[in-house]
Every structure is written in structure tokens, then in C-alpha cells.
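1. Dropping the sequence and predicted coords here.
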Amino acid sequence: MTNMFLDTLAKHCRCQPDKFAIQFVDGPRVTYGALEATVNRTADFLLALGIARGDRVAAQLPKCLPFIYLHLAAMRIGAIFLPLNPAYPATELSYFLADSETRLLIAEGRKQHQIKTIQTELPSLEQSLFINPNECWESQVSAFSAKPKMPLPTDPNQTAMMLYTSGTTSRPKGALITHGNLTSNIASLHEAWGWRQDDVLLHVLPIFHVHGLVVALHGALHAGASAFMLPAFDAAAALDLLCAKRFSVLMGVPTMHRRLYQLASDRRFDLSHLRLMTSGSDRLPDDLFFGYQNTFNVTLLERYGMTETGMNLSNPLHGERRVGSVGLPLPGVSARIVDPATETPLPDGEVGEVQIKGAHVFKGYWRQPQKTAEAFSEDGWLRTGDMGLREPDGYYTLKGRAKDLIITGGLNVYPPEVELALMAHPAVAACAVIGCPDDEWGEQVVAAIILRDGAAADEAEIRAFCRDRLAAYKAPRRVLFVDEFPANALGKVQKAKLREALCG
Ligand code: MCA
């Protein structure tokens, strides 16, 4: 195995201490030397709080420097870092913290009240630290040692991060990502995408997901490159910055690319100085691929990944970036297409389930041996739940999903989770949640509801009800009241027919 990600980062910190590693817009430039010192101080701070190897450390923070320091510091001392979407309401947060038996939570000061309301449900949560993300973290840990107190983790099987993913049949599961997984994936992307030390990344993604945290931020740090961070995606600010020619890399989801493209309207911008602009987390629509070529003189590089693996397939840096295709297996990644019923490999051109193997594949779900076993075929391939085909020249194309999943703005929403929330409403007799195609978001969450006899509820009330229980992006954008659902002989709702009837 190549040097682990944290070793490579430490090497950059030693060899180029004055180089700019990370800068938030309007914030100070953090050099590699300063990054190393603050991460070490933060690690020492965590040790002083009693955090030990294997403990879960959760952060529910906006995109900010303290988040990055805490993330790297927790991994550095062998703890398991759990990033949480700041949009999670108390009910979801409570589940994640309880299930993971998190010992330490770091959150924004304004969350204090929310945590108090769920504290009794969280016997393992020994400490909650409320911070102001805009205050200088460096001064808060200045009393701690800038010299590492313990060696970096050396066991590639040791868990570095835990990321919750929902499922079609169960509550969200904590995917365990090891130091070896991170190292393998980042080394593979380094090679495939030609990461360079003089790259400057414009970082526009959230950092509580694999895409923004691992693929983009770790990617830049592993290369010894520089990352300029926007705290939230803003198409106008991003386009101004991109035109200023300081940047060489941008990674985004199709909704972001759509907003940039729409902002350009009928103007032309030459962004060809960017050597790499990627798109992922959802399918890149063909019109956007071609629109980008015409408007920005850029051919987007589409790739395919998932939380459990990081990146799997990618269009090439050099060579054909094929519209509608997610490209070829990345270095060190094996892919195959199988018949979902028999799990036997299918010939090129036939649609089946995409399965993946490699050192980047996660080690399992936290305390869910059954779910972990179900995630893999008998011969050890990860069942992605995505359908696709392999073309004779090795390019893969995705062709829908075997699982009931909606992707909106690059975020996964599992209909059963939304349906569970809806069923808690006293007026709802039955419901079905579907994804309707949407130009900007890819898909929109739409709920079809049958009301109980004599009960009344309107769309606004149902949406508000969901938003109290679910992160805003999971709440239905549209609520439609119907008298019945198309069902098969066993009474199961036929979602494909419902989509045909309701998506219009
Ligand atoms: C925000 N809203 C959303 C979403 N984001 N609704 C549905 N889907 C979303 N993704 C809601 C807001 O709560 C708000 O609701 C309304 O939409 C409009 O908000 P707006 O300000 O326009 O949105 P935004 O804050 O600008 O966010 C849009 C976004 C964001 C920038 C596209 O969703 C985003 O950063 N997406 C990237 C997600 C990502 O990183 N995915 C990677 C997952 P209201 O108006 O009702 O208040 S990792 C992964 O998938 C794998 C590993 C992979 O391959 O990458």
C-alpha cells in the first residue's frame, strides 16, 4: 500500500510549510505548516478531553476551518470522525448520535438548545462542545502541543470515518471507511486525474459528504495543492472566481453546473484554463455536457462513486470523455455487470447491476453484520444497487437504479424514510414518495397521499410536518392528494406507474 493519506499530508507539511493549503473566502491563508500545527494542537486537545482510538467524534458544523482541523485531528489520533449535515433536525441527529454511540459532539453554539432536548436519549454522549465557527480556532487550542503526542495510525483496516447512508428497508446505517480505503481511493484519483502540486482547487461542495470532503479536499491536500473554499455554493461568486484564472480544478454536482450554465445564459466564457472540471453524485444530463462545451469551452469529466466506496469509475483525463457515460474503472478498481437475480456476469451491452471490488471498498456497516453481508455478493463484490452496462471498449453507462432512491441536487433521499415521517401525520392513511424529473435538481421529492376518511390536511401543513422531522432537502417539494395508488396483485404500490401519472 502507498503511504497512507495522513502520512502524505504530514510529508507536505514538513516539505512545504509555507505553501498555502487552505483558504476560506475572506479568511486567512492557512499554510501547510500552520495546518500541521493546528491539527496537532487539536489532536492534543481531543486527547485531553479523553478521546481515544476508536471513539466516535461527531461534528455538526457549517463548512469552516474548525471542521477541517477537527476532522484531521480525530483521524490523526485514531478516533472515528462522523461528519453530520448541519440541516439535520433533532430527531435525525438523535438517531445518528445514539446509533454511533458518539462520545464527543462539536456543534455550533446555536444548536445548544437542540442538543439539550435530546441529551437524555444519548447516554454515550459524554461531552458536547459548542463553538462559534467564525471565531479563531487556532487561539482556542494555542495552549496545546503543536508536536504530535502519538504516531499516525498505521493499520489500514482501522476505521477513520463513519458516514451515514440511508437504505430502502432500514434506518440509516453507518458506513465504516478505513484509513486504507481513503488512501487507496485518493491514490487512484491522484493518478487518474493527474493531481499536481501547483493545482488550485475552487472548493464549492459541502464537506460533510465523501464528494466534498474526500474527493475534493483530501484530493487537494494529498497532492500538496491549494484549496480555496466557498462556505456555500454561490453560482455568481463561483463564476467570477473561475473567470479570474486562479483556479485549475473545480468539482461539482450537476445542480451546481446547471446553475453556472444558466447564469451564463447566452454569454460565452472561456474556462479552458481549468485543467479539470468534474461532475458527479448524480447523472450529468446530456444538454448540460454539450452546453458546457459551448458556453465554457470545457468538457466536463463525469465520474461515478458512492459513500461506501468513494470513486469507482471515471471518464479519462486524457482521451474521450463520453457523454452519458461514467467512464472506465479507476486504477485499482474492478467493476462488473451482473444479472441481479443470479449474480452471474453479463456480456457487454447488457444491462445489469454494477458491482465493485477494490481496496477502496468500505469494511462494513457499524454494528450491522446482517446489512453488511447483504451488501456483498458471495464472491465479495459490492452490490451498488445501480443498474448499468459495459460497452465493448470498457466504458460504463448507468441505466437507472435497482433500489428505490431519489437523487436531488446530488443528495440521496430514500423514499421509505420520507414515507415513515409522513405516516406519523394523523391525517395520512397511506403515502408513496417518488422522484419526479427536474431540470435544476435532477429529481424532486414528491409525495402522493391518501387521507384518512374525514381527515383534512393541506400541502403546506404536510411539508411543514416533514421539515420538523427531516432535513429540508428530504421534505417533499410537492404534495399531491390522491384517492388510490396503482398497485400490483400483492397490493404493492407501483411507483413507476405513479411517476407516469403524477410527474407530468
Ligand atoms: C438544498 N435544498 C435542497 C437541496 N439542497 N432540496 C433538495 N435537494 C437538495 N440537494 C433546499 C433548501 O433547503 C431550500 O429549501 C431550497 O432547497 C433552496 O435552497 P438553495 O439555497 O437554492 O439551495 P442551496 O443551499 O444552494 O443548495 C443547492 C446545492 C446543494 C448547492 C446544489 O444541495 C449541494 O451542495 N448539493 C451537493 C450535495 C453533495 O455534495 N452531494 C455529494 C454526496 P427551502 O427553500 O424550502 O428552505 S456524496 C455522493 O453522492 C457520492 C460519494 C458521489 O459520487 O459523490
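-> Happy to help now that I have it. Numbering: from 1, shown residues only.

2. Phi and psi next, for Ala460.
-> In terms of degrees, to the nearest 10, the main-chain angles of Ala460 are phi -60, psi -40.

3. any idea how far the ligand is from Gln119?
-> As judged by C-beta to the nearest ligand atom, to the nearest Å, Gln119 and the ligand stand 26 Å apart. Using the backbone N, CA and C atoms, a C-beta is placed for each residue, glycine as well.

4. I'd say that residue and Leu125 touch.
-> Yes - Gln119 is in contact with Leu125 according to C-beta atoms under 8 Å; the separation is 7.0 Å.

5. Between these two, which is the more surrounded one?
-> Here Gln119 and Leu125 are set side by side on neighbour count (other C-beta atoms under 10 Å), and the busier one is Leu125, at 21 against 13.

6. Just to check, the more buried one is in contact with Leu105?
-> Yes - Leu125 lies in contact with Leu105 (C-beta under 8 Å); the separation is 6.0 Å.

7. Next, show the common contact partners of those two.
-> Shared contacts of Leu125 and Leu105, defined by C-beta atoms under 8 Å, 6 or more residues apart in numbering, are found at Leu97.

8. Quick check: residues of this protein near the ligand?
-> With the criterion set to C-beta under 6 Å from any ligand atom, the chain comes near the ligand through 205-206, 209-212, 233, 253, 255-256, 280-281, 305-307, 408-411, 441, 472-473.

9. which residue of this protein sits farthest from its center?
-> The centre of the chain is farthest from one residue, Gly454, which by C-alpha atoms, centre = their mean lies 42.3 Å away.

10. and that residue, what does it touch?
-> Contact partners of Gly454, counting by C-beta under 8 Å, 6+ apart, are absent.

11. hmm, back to that, now, the residues of the chain next to the ligand that are in helices?
-> Among those, the members falling in helices (DSSP state H) are 210, 255-256.

12. Adding distance to Tyr395 and neighbour count, write those out as TSV.
-> Shown next, in TSV, are these (distance: C-beta to C-beta, whole Å; neighbours: other C-beta atoms under 10 Å):
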residue	distance to Tyr395	neighbour count
Val210	23	27
Thr255	24	22
Met256	24	21
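
13. Kindly reformat those as CSV containing pLDDT.
-> Output for those, formatted as CSV (pLDDT from 0 to 100):
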residue, pLDDT
Val210, 98
Thr255, 98
Met256, 98
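
14. Save those residues as TSV, and put in distance to Tyr88 too.
-> As requested, these are arranged in TSV below (distance: C-beta to C-beta, whole Å):
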residue	distance to Tyr88
Val210	17
Thr255	20
Met256	22
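
15. Can you check what pLDDT the model gives the closest residue to Phe362 other than its chain neighbours?
-> Once its chain neighbours are removed from consideration, Phe362 has its nearest residue in Glu308; the separation is 4.4 Å (C-beta to C-beta, 6 or more residues apart in numbering). We have a pLDDT of 97 for Glu308.

16. so Glu308 makes contact with Val361?
-> Yes - taking C-beta under 8 Å as the definition, Glu308 is a contact partner of Val361 at 6.8 Å.

17. Am I right that Glu302 is in a strand?
-> Yes - using DSSP: H, G, I helix; E, B strand; the rest coil, the secondary structure at Glu302 is a strand.

18. List the contacts of the helix or strand hosting Met162.
-> In this assignment (DSSP states H and E), Met162 forms part of strand 159-165. Contacts to strand 159-165, defined as C-beta under 8 Å, 6+ apart, come from residues 54, 56, 75, 80-84, 96, 100, 153, 172-179, 181-182, 209-210, 307-308, 363, 366, 412.

19. Quick one: name whatever helix or strand follows it.
-> Read in the C-terminal direction, the helix or strand following strand 159-165 is strand 173-178, with elements assigned using DSSP H and E.

20. counting contacts, what elements does that next one pack onto?
-> Strand 173-178 makes packing contacts with helix 90-100, strand 159-165, strand 364-365 when contacts are defined by 3 or more C-beta pairs under 8 Å, 6 or more residues apart in numbering; DSSP states H and E.

21. how about a cut-off of 6 Å?
-> The contact analysis (3 or more C-beta pairs under 6 Å, 6 or more residues apart in numbering; DSSP states H and E) places strand 173-178 against strand 159-165.

22. State the pLDDT value of the closest residue to Tyr304 other than its chain neighbours.
-> Distances taken as C-beta to C-beta, 6+ apart place Val326 nearest to Tyr304, at 3.7 Å, with adjacent residues excluded. On the pLDDT scale, Val326 is placed at 98.

23. so how far is Ile356 from Val326?
-> Val326 sits 12 Å away from Ile356 when distances are taken as C-beta to C-beta, to the nearest Å.

24. more neighbours, the two?
-> In this view Val326 and Ile356 are compared by other C-beta under 10 Å, and Val326 has more residues nearby, 26 against 23.
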